[in-house]
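Trainee: Got a sequence here, can you build the structure:
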Amino acid sequence: MDEQLLLVLGAGVIVIGLVVTLVNWLLAHWWVLALVLVVGVLAGVGWLYSRQQQARWEAVRAQGLRYGLPQLDALHHAQFEDAVRDLMHRDGCRDARRVGGGGDLGADVKATDPYGRRWVIQCKHRRNGPRGSAVGTPDLQVLNGTARQVHGADVAVIVTNGRVTDPAVKFARQQRLYVVDRQTLAVWASGSRPLWEVLRAVPPPRRPSALS
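Mentor: Below you'll find the model as predicted:
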């Protein structure tokens, strides 16, 4: 026990001695400390500038984001959800995020638009586009059962690069759901208008916006 205490005390004395020596050396060579501080400040300024530039470029990229239908058709279903999220972000939904996956309860993308409306989007990607299986009423029933009650949606949307059956379109109108079919998706993804301007009769804004 005494040996351990002596070792600890010895190590402490050595550390204190090194610290004192370093402080004395820095006091004698103060310019080194000043140089380190200047370099640190410059590095910090450079890092902040880089982050600002990256944010600006991301904003420019988001504003100019465009997709053609062939691009969307070629995506994996998870990438399709990412594309829908990015389009919502382009439209000004800063909190747009992909939540799709096991147990998503009918919500693949969630977003809040600049007017305060909460969007819940279910994505149905078809590898063969219009030649794939059509989105039917059962798909919309899932969205209708969870979008408002579970996710608190103001606007519940289903987006597909494929076809939608006539009964599904009729059901959507009856239940105040919104369908973005292949033609509507083409207009939204390749243009500059936000989704709420492409769709008709969306709910009124929750709050005023600089965009209004």
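Trainee: Contact partners for Q71?
Mentor: By Cβ atoms under 8 Å, 6 or more residues apart in numbering, no residues touch Q71. Yep, even glycine has a C-beta here, placed from its N, CA and C like the rest.
Trainee: May I have the particular helix or strand that has it in it as PDB, with CA atoms only?
Mentor: Using DSSP states H and E, the secondary-structure element containing Q71 is helix 69-73. What follows is helix 69-73, C-alpha atoms only, in PDB (Å, rounded to 0.1, in the frame of the first residue of the first chain):
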ATOM      1  CA  LEU A  69     -40.000   9.600 -64.600                       C
ATOM      2  CA  PRO A  70     -37.300   7.400 -66.000                       C
ATOM      3  CA  GLN A  71     -35.100   8.400 -63.000                       C
ATOM      4  CA  LEU A  72     -37.900   7.600 -60.600                       C
ATOM      5  CA  ASP A  73     -38.700   4.300 -62.200                       C
END
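Trainee: Of all the helices and strands in this structure, which has the lowest average confidence?
Mentor: Of all helical and strand segments in the chain, the minimum by mean pLDDT, DSSP states H and E falls on helix 30-63, at a mean of 67.
Trainee: What are the boundaries of the helices in the chain?
Mentor: Assigned by DSSP state H, the chain shows helices spanning 2-28, 30-63, 69-73, 77-90, 137-146, 166-174, 182-190, 195-198.
Trainee: Share the number of residues neighbouring V155, please.
Mentor: 21 (other Cβ atoms under 10 Å).
Trainee: what about the residue nearest to it when sequence neighbours are not counted, distance to Q183?
Mentor: Leaving aside its chain neighbours, V155 sits nearest to W119 (4.8 Å; criterion: Cβ to Cβ, 6 or more residues apart in numbering). Distance, W119 to Q183, using Cβ to Cβ, to the nearest Å: 20 Å.
Trainee: higher neighbour count, these two?
Mentor: For W119 versus Q183, neighbours defined as other Cβ under 10 Å are more numerous around W119 (25 against 10).
Trainee: Now do that one against T137, distance only.
Mentor: On the measure of Cβ to Cβ, W119 and T137 end up 21 Å apart.
Trainee: Equivalent analysis for R94, please.
Mentor: Counting by Cβ to Cβ - R94 and T137 are separated by 34 Å.
Trainee: between those two, who's got more neighbours?
Mentor: Using other Cβ under 10 Å, the more surrounded residue of R94 and T137 is T137, with 16 against 11.
Trainee: one step back: model confidence over the helix holding Q71, on average?
Mentor: Averaged across helix 69-73, the pLDDT comes to 95.
Trainee: and what of stretch 189-201?
Mentor: 91.
Trainee: List the contacts of the residue nearest to V155.
Mentor: Contacts of W119 (Cβ under 8 Å, 6+ apart): M88, C93, V109, K110, A111, T112, D113, A153, D154, V155, V157, L195.
Trainee: Distance to Q141 for the residues you listed - can I get that in JSON lines?
Mentor: Converted to JSON lines, the contacts of W119 look like this (distance: Cβ to Cβ, whole Å):
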{"residue": "M88", "distance to Q141": "24"}
{"residue": "C93", "distance to Q141": "26"}
{"residue": "V109", "distance to Q141": "19"}
{"residue": "K110", "distance to Q141": "20"}
{"residue": "A111", "distance to Q141": "22"}
{"residue": "T112", "distance to Q141": "25"}
{"residue": "D113", "distance to Q141": "25"}
{"residue": "A153", "distance to Q141": "15"}
{"residue": "D154", "distance to Q141": "19"}
{"residue": "V155", "distance to Q141": "18"}
{"residue": "V157", "distance to Q141": "15"}
{"residue": "L195", "distance to Q141": "22"}
